[in-house]
Structure formats: C-alpha cells, structure tokens
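S.K.: Mind looking at a prediction? Sequence and model below.
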Amino acid sequence: MENVENRRDIKLVSHWEKQGKKFGAETWIAKPHFKDREIFSENLIAIEMNKTRVTYDKPIYVGFCVLDISKTVIYNFFYNFLKQKYGKKVSLLYSDTDSLLIEVFTENIYEDIKQNSQHFDLSNYSPQNMHNIIPNVSQIGKMKDEYAGQVIKSFYGTGAKAYCVELLDKVDKKAKGISKHIVEKNIHLSDYKNVITKNESLLCVMSIFRSCLHDMFTEMRNKIALSSFDDKRFLLKNSFRTLAWGHFDVGWHENIDTLLDELLKYC
C-alpha cells in the first residue's frame, strides 16, 4: 500500500537566482519544505521538495485489515486445529504472512488431511494423486499444501524469507535479496545446513544494475546471502531453536546463559 506522505515534488532549475517570475535554486532551497537537491551539471539541478498538501486517498485501513485477518486465519488454524489435534506432536518450523511450515508426528498426514478436508484447499492436487485425496474448488481462507502431496525430506530455515526445502525430486531454495539465478546456481542445500549446524555465513558476488544521476551502470556487489545471525528471534544457546522476542522464557534463558558463562570461568 502506497504511503502518500512519501510523495515529493521535483523542480528542475538551470539558474541560481530568481529570474522574473521563475524561481531559482536559491529560492527553492530557502523554502521550509525543501528536502534535498541533486546536481546534474553546472547549469542543471533537481530540487526535491516535500508536499505542502497531502491527500489521503489510499485505503490504508483495507491493507491493515487484510494483514490482520490473514494473521487471524493463520493463528486460528495453528492453535485451534493443529494444536488441538496433535498437541506436542506438532511444531512450527517457519512462518510467513500467509503460510506455515510445520513438523508433525502422525501415522499418515494425508489421511488426516482427508478426514479434515474442511480446513484445506485441495485444488492443486491431481485427480490421480497417490494419496487418493479428492481435489476441491479453490477456497479463500483455507490452507493449501504448497507442494501438493510431495514428501518433504528436510528443511533448513536460516532467517526471514531464507530457507531450503528438500523434496524427493527437487530442492526449493529461497534467499531474500539475492538474484534467483544466483540462488539456483551458486547456493546449495549444504550451504543452508552449514549455516545452521556450524554457524557459518555465506557470501555471494552478484551483478546489479545501478543508476546515478540518470547514468546506468553495472555494479559487482558482495552480499551476505545466508547468515546464522537473526535479530528477529532469540536463539537458544547450543541449539537451532528460537523464541520470539517478548516470550516469557527469554529472560530465564538469558540468566541461565550468564550463569553458565560465569561458572565456566572457574572450570
């Protein structure tokens, strides 16, 4: 959703002082809503001005409500269905705005899906699928099996929008901010595994298009593709499990870690 407060007025001027009714750079810069300037040449400068009047014509409340309704649907599915049905046998491995990746210990997850089909959108299942799940029409607000019955062998989540899902016949890899062809060709399942098990980081060199003063050029950039550091979660010591900031156990773990570090000094 666009934030109309971020809109700007750009004034292109070719002289410093006011000439007749035409304002020069000196006049625009002196105004209270001046924000920035960009010099292109000796005779051309772009003046960036804040808007003096903002019209709130974007339904921000709609975007806000859609996001919160999505959270409600996700939480309701996890706590009022999965947790009620499986208890401690289900664990949340990764979540996004509209998705969950879970670990479940059960006899046959696909039989469970068939018996509780009212909670699922099964439209992406093939009519001849091996699990004999009957596809239904796409339903809003229902959970869909992202891999449509394909068995997940392993999962490695290194951070927000950075994870690897190993299936029987392919590997689905994601790394936020990294070009897709770099992820496909240069980042491997073992890299995700090493980040988690060995606290390693992975750097990737990628070429990107940049623009400066309307001049286009290619830039080689060395970026952190995968990292074990996550400032959005509290990492439990000597573990790959995390807690959300604000969780009531975070303080207890911090005190235990401090105590153990002090004890190790005397060992």
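M.R.: Sure thing, it's come through.

S.K.: Just give the closest residue to the residue most central in space within the chain, not the sequence neighbours.
M.R.: The chain has K161 as the residue nearest its centroid, 4.2 Å off, counting by Cα atoms, centre = their mean. Closest residue to K161 apart from its sequence neighbours, by Cβ to Cβ, 6 or more residues apart in numbering: K176 at 3.8 Å. Every residue, glycine included, has its C-beta placed from N, CA and C.

S.K.: What's the local residue count around that neighbour?
M.R.: 11 (other Cβ atoms under 10 Å).

S.K.: swap in D191?
M.R.: Count around D191 with other Cβ under 10 Å applied: 20.

S.K.: how about the helices of the stretch 101-250 of the chain, start to end?
M.R.: In the stretch 101-250 of the chain, the segments counted as helices under DSSP state H, counting those that start in this stretch are 109-115, 180-186, 189-197, 250-264.

S.K.: low pLDDT regions in this protein?
M.R.: Residues of the chain meeting the criterion pLDDT under 70: 262, 267.

S.K.: Identify, by residue count, the longest helix of it.
M.R.: helix 60-77 (DSSP state H).

S.K.: That one - contacts with which helices or strands?
M.R.: If you count contacts as 3 or more Cβ pairs under 8 Å, 6 or more residues apart in numbering; DSSP states H and E, helix 60-77 packs onto strand 99-104.

S.K.: Any buried residues in the strand it packs on, and which?
M.R.: Judged by neighbour count (16 or more other Cβ atoms under 10 Å), strand 99-104 contains these buried residues: L100.

S.K.: Go ahead and produce CSV holding the CA coordinates of it.
M.R.: Provided in CSV are the C-alpha atoms of strand 99-104 (Å, rounded to 0.1, in the frame of the first residue of the first chain):
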residue,chain,number,x,y,z
SER,A,99,1.9,-19.7,5.4
LEU,A,100,3.2,-22.1,7.9
LEU,A,101,5.8,-24.8,7.7
ILE,A,102,5.3,-27.4,10.4
GLU,A,103,6.7,-30.7,11.7
VAL,A,104,4.0,-33.3,12.6
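
S.K.: can you state the direction angle for it and helix 60-77?
M.R.: Angle of strand 99-104 versus helix 60-77, following axes from the mean of the first three to the mean of the last three Cα atoms, to 10 degrees, is 10 degrees.

S.K.: ok, residues contacting strand 99-104?
M.R.: Residues outside strand 99-104 that contact it (Cβ atoms under 8 Å, 6 or more residues apart in numbering): 74, 77-78, 82, 86, 89-95, 143, 146, 155, 157, 163, 165.

S.K.: what about C65, neighbour count?
M.R.: When neighbours are counted by other Cβ under 10 Å, C65 registers 11.

S.K.: can you check A175 too?
M.R.: 25.

S.K.: about what we covered before: please list all residues in contact with the residue nearest to the centre of the chain.
M.R.: 96, 174-176.

S.K.: Minimum distance to S14: which of the helices of the stretch 101-250 of the chain has it?
M.R.: helix 180-186 (42.7 Å; Cβ to Cβ).

S.K.: just the CA coordinates of the closest one, formatted as PDB?
M.R.: C-alpha atoms of helix 180-186 as PDB (Å, rounded to 0.1, in the frame of the first residue of the first chain):
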ATOM      1  CA  LYS A 180      17.200 -16.000  -8.400                       C
ATOM      2  CA  HIS A 181      19.900 -17.300 -10.800                       C
ATOM      3  CA  ILE A 182      22.500 -16.900  -8.100                       C
ATOM      4  CA  VAL A 183      20.300 -18.900  -5.700                       C
ATOM      5  CA  GLU A 184      19.700 -21.600  -8.200                       C
ATOM      6  CA  LYS A 185      23.300 -22.000  -9.400                       C
ATOM      7  CA  ASN A 186      25.600 -21.000  -6.600                       C
END
